[in-house]
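> Provided below for reference: sequence and predicted model.
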Amino acid sequence: MTKPYGEKLSENKPVRCQKCGKSVRPKAPPLLKAKPTEIIEAEFVPPVETYPGKIVEVKLGATRGEGGTRGKSMVVGGETTPAFYTFEKPTPHQPVITLDVFDMAVPLAKAVKMHVKEVVGDPAAWAKLAVEKFEADMVTIHLISIDPLIKDASPKDAVKTVEEVAQAVDVPLVIGGCGDPVKDADVFAEIAETFAGERFLMSSVTRDMDVERCAQFIKKNGHVALSFTPMDLNLARELNHRLYDFLPREDIVMDLTTAALGYGLDYAFTNMERARLAGLMGDAELAHPMSSGTTNAWAAREAWLKMAPEWEPRELRGPLWEVVTALTLLLAGVDLFMMMHPAAVKTLKEVTRRLLNGGLGDANKFAEWFSKKI
Amino acid sequence: MSERETKGKVGVKELSPIDVYKLLPKTNCKECGEENCMAFATKVVNREVPIEKCPPLLTREYEKAYKQLKEMLKPAIKEIVVGTGEKAVKIGGKLVMYRHEFTYFNPTAIAIDVTDEMADEEVLNRVNRTAQFSFDYIGQTLKLDMIAVRSTSDNPDKFKATVEKTVEKTSLPLILCSLNSNVLEAGLAVAPKARPLLYAATKENWKDMAELALKYDCPLVVSAPNDLRLLKSLVKTLLAYGVEDLVLDPGTFLGDGLGDALNDFTMIRRAACKRGDELCGLPLLGVPMVAWMDRGEAPEEIAKWKEAYLAAMQIVRFADLVIMHSVDGWSLLPNVVLRQNIYTDPRKPVAVASGLRVFGAPDENSPVMFTTNFALTYYTVASDIENAKVNAYLLVVDTEGIAVDSAVAGRKLTAEKVADALKASGIEDKVKHRKLIIPGKAARLSGEIEELSNWQVLVGPRDSSDIPKYLQQKWQTQT
């Protein structure tokens, strides 16, 4: 279709003369057809696809009626189309945001610290702030102090911290370990048993942990596993597959690793986008809701470092860094965001709420941008 | 893995070097610079060289083969050039819908606007800030690409004067914005050969705009806010009119229209890449600056913030060009970095070679540090060590191109790897001490590294910007 009308007619190929048999070139016809004077109608058929797979729905948190003590539970997953392809199917659940709470003082970017400095060291107060002021859907309690290299706090100490947080807020909780595969398993086991039925998300179960043991205490006590792998879909499939021996698919959320904007976000984005498309195309081992440690955005020095004046203020640059990291992964299919900065949380909530409506916009309001003074 | 490919057309991934080789002269003449035609065909399939690099193919003898190859290699999204000369910008040219299916070409161009009712000083200031914007990132310089001149006056003389001022100041390509063809032509009169992008043909003015585009040989935006049927009809009409270089503007909306904005872009791109709809196979224009339209009394920062996140979503979802208003570094930086990230080639790891690097003139007492081979980590650490002007050794450990914290979590960076790298590097013959400074984010490996390597571990800073201070305070007291 992109050929101009003239091209085909002017090829001017030799043809054989029917009378004498000689090859002759016909005269070139006039170059152009008449230009259209009216709009030539074309059809647009929305390119709707069907997918054999569906992302599994996972419930986080349990209310009293559901066997726990939370005020509400949240559901993630359930998609039957790529992220927010609402021209195909509605998005079943608004993505969920869980805010980071640490059980001890940790290095924080200035832009974050200014919002939480009153509550650092008091996880219960921090959790309250996250829920009541910053409108977190959930809270992640990071048990940094259990790290054998830091304070080596005992599983009992960890249970006490979780108890305080669970009393302070009634949202579903994510239980964050320290990264030590042995210690995390011991602590998770204790917490799983103490808070049986709460459907806490255990963050996380990794390949070098005793996967069988973890899956068993998660199953037995009614919690959810966060299956974490380092940016490799084959490893993600493999770990999920191992978990299936003990856990129903509805008890598994996966974390494929989040790298910050500027520090490998492209890997994270493509990995998650591929996983989501694969899940929809029928790869059941990848058809799990995805969680992102979006807080990793703050690992980028451009998020927190004081830079030359033309890049300031960092109080805006930092949270925007977190927002851009989050939105990129939102469009890859992430269902659960672990976040840090209140402004970033607010924006993500606003965007996902609007996207859920998918198609009630007033085009005219924005259509005249080219002639409006600002 | 991917969605269904276009029927009847060879998908970009299925195209093999043999398909290209069959149509080449097969003389192994080496005029292209490759060893033989097969090597050239491989590079052509990977889009590392254009077929025009084969001189014989451009002769009359191979005319047919050339045309066939051109068709075979044609991208799903047409590539369109805006501007002329060195600063000309290519937009579109995408082969695939999803990045992992191949790679994305032609990073989303970013244009900053000026208007014909801004004071001269403001116009010049904005043009300068756009032209001079520069950020160094993993050995690349990230820049802005274009200036959009908008007519808010609807006055041809005013528009002409602003375009004139702009082209005097910069050779960046222009987008000329007005629905009034008289206004646009006044602007074109002072930039007749500059090949600006014209904004825009609509259902009312398309004939006048088509004439302008043909007269000045300019690419033209087709605008039909949230009406894809009209958009396609206009494209069909303009193509029949003879205007070939078209850019699509299905509209950019905020608020409850955000879903429409994303859906429109996605549907158009899928129709082009997966359904072979050539009327949709054109570059997409996003306008994040609509964030300034319903600002009301809110502070400017709110509009800048909204504009920035809208731009990010459009860069991820298929925009080939965006027009923005804010020239603030804090709001632009995340987007130029995002654009670089999304447009890196997923077929190649972003890694540097592992091994020992030397900074300054180190001796047997100089500090030894290590980092990962992820390109960004390496360049950041290297530049911090260079800025500190210290003599030091830096051992680059192969973590498969993963940054320190992710590599520790993902076991791509282990004590074994560090110990092996130390041994293999020959550093033990170069320094007489046995003290290794490790990244703060790899602190948990300390004990194991000491055990396996017999080196003493000093835990360094968590961010390499603190290396100079660290060396000054800790290393000097150590030695």
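Received the coordinates, thanks.
> Quick check: phi and psi at residue B:155.
Main-chain torsions, residue B:155, degrees, to the nearest 10: phi -110, psi 120.
> what does residue B:338 give?
Dihedral angles for residue B:338 - degrees, to the nearest 10 - are phi -60, psi -50.
> Roughly how far does it sit from residue B:211?
38 Å (CB to CB, to the nearest Å). From N, CA and C alone the C-beta is placed, and that goes for glycine too.
> Looking at the two, which has the bigger crowd around it?
residue B:338 (27 against 16; other CB atoms under 10 Å in any protein chain shown).
> So for the residue of the stretch 151-300 of chain B found nearest chain A, what's the pLDDT?
Chain A sits closest to residue B:257 of the stretch 151-300 of chain B, with a gap of 2.0 Å, by CB to the nearest CB. With respect to pLDDT, residue B:257 scores 91.
> Surely it forms part of a strand?
No. Under DSSP: H, G, I helix; E, B strand; the rest coil, residue B:257 sits outside any strand and is assigned helix.
> And for it, the neighbour number?
By other CB under 10 Å, 26 other residues sit near residue B:257.
> That one contacts residue B:263, doesn't it?
No. At 10.1 Å, residue B:257 and residue B:263 do not qualify as touching, with contact defined as CB atoms under 8 Å.
> mind listing the strands for the stretch 51-200 of chain A?
Assignment of strands within the stretch 51-200 of chain A using DSSP state E, counting those that start in this stretch yields the ranges A:58-60, A:74-76, A:96-102, A:138-142, A:173-176.
> Would you point out the helix or strand in chain B whose mean pLDDT is lowest?
helix B:476-478 (a mean of 61; mean pLDDT, DSSP states H and E).
> got any ranges where the stretch 351-479 of chain B has weak pLDDT?
B:476-479 (pLDDT under 70).
> List the neighbours of stretch B:418-430 that are in contact with it.
For stretch B:418-430, contacts defined as CB atoms under 8 Å, 6 or more residues apart in numbering or on different chains pick out B:354-356, B:362, B:364, B:368, B:370, B:393, B:395-398, B:434, B:436, B:438, B:445, B:449, B:452-453, B:455.
> In strands only, show me those.
B:355-356, B:368, B:370, B:393, B:395-397, B:436, B:438 (DSSP state E).
> Only the buried subset of the residues you listed, as a ChimeraX command please.
Listed next is the ChimeraX selection for buried residues among the ones in strands among the contacts of stretch B:418-430, using 16 or more other CB atoms under 10 Å in any protein chain shown:
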select /B:356,368,370,393,395,396,397,436,438
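> near chain A, from the ones in strands among the contacts of stretch B:418-430?
Contacts with chain A are made by none of the ones in strands among the contacts of stretch B:418-430, judged by CB under 8 Å from any CB of the partner chain.
> between the ones in strands among the contacts of stretch B:418-430, which is nearest chain A?
For the ones in strands among the contacts of stretch B:418-430, the nearest to chain A is residue B:438 (13.1 Å; CB to the nearest CB).
> helices and strands of chain A: which one bottoms out on pLDDT?
helix A:5-9 (a mean of 38).
> And the residue of the stretch 151-300 of chain B closest to chain A, how far from residue B:119?
To residue B:119, residue B:257 is 32 Å away according to CB to CB.
> again, but for residue B:240
43 Å.
> More neighbours: which of these two?
Shown here are residue B:240 and residue B:119; by other CB under 10 Å, residue B:240 has more neighbours (17 against 8).
> For that one, give me the pLDDT.
97.
> in terms of contact, does it touch residue A:42 like I think?
No. Judged on CB under 8 Å, residue B:240 makes no contact with residue A:42 at a distance of 10.8 Å.
> what's the closest non-adjacent residue to residue 113?
Just going to use chain A. residue A:120 (7.7 Å; CB to CB, 6 or more residues apart in numbering or on different chains).
> that's the other chain; I wanted chain B
Residue B:113's closest residue in space is residue B:148 (CB to CB, 6+ apart), at 4.4 Å.
> Quick check: phi and psi at that neighbour.
In terms of degrees, to the nearest 10, the main-chain angles of residue B:148 are phi -100, psi 120.
> Enumerate every residue touching it.
Contacts of residue B:148 (CB under 8 Å, 6+ apart): B:111-114, B:174-175, B:177, B:199, B:323.
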